[in-house]
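> no sequence for this one, just the structure:
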């Protein structure tokens, strides 16, 4: 009998690794006061989707989006062209 992991497509595994690496990078460069309030949801078409735990952090990140894009500009993991901010449930 095959393991369940043998049925998971390679692109899903690669995307999971990408999100983990990007999350680690974000935890190194983003301001420490917001790190507990955000999670990296996914990356799609060079757009980083970040989920915020409360609306005030989401609003702050939307207004300061360019600041966060500049922080992500030096990463060697993947090119991030935009950030979308969502509110977690």
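Thanks, I have it. No experiment lies behind these values; they were computed from the predicted model shown.
> What residues sit buried inside stretch 67-80?
For stretch 67-80, burial by neighbour count (16 or more other Cβ atoms under 10 Å) applies to 68, 71, 72, 77, 80. Where C-beta positions appear, they are placed from N, C-alpha and C, glycine not excepted.
> Test my guess that the second one contacts residue 27.
No - counting by Cβ atoms under 8 Å, residue 71 does not reach residue 27; the two are 11.5 Å apart.
> Now the phi/psi pair for the residue nearest to residue 58 when sequence neighbours are not counted, please.
Nearest residue to residue 58, sequence neighbours excluded (Cβ to Cβ, 6 or more residues apart in numbering): residue 52, at 3.9 Å. Backbone torsions of residue 52, given as degrees, to the nearest 10, read phi -100, psi 150.
> Report the buried residues of the worst-scoring helix or strand of the chain on mean pLDDT.
Counting by mean pLDDT, DSSP states H and E, the chain has its least confident helix or strand at helix 10-29, which shows a mean of 82. Buried residues in helix 10-29, counted by 16+ other Cβ under 10 Å: 19, 22, 23, 25, 26.
> And the residue lying closest to the third one once chain neighbours are set aside, its phi and psi?
By that I understand residue 23. Leaving aside its chain neighbours, residue 23 sits nearest to residue 40 (4.6 Å; criterion: Cβ to Cβ, 6+ apart). Dihedral pair for residue 40: phi -80, psi 120, per degrees, to the nearest 10.
> Please consider this matter closed, and thank you.
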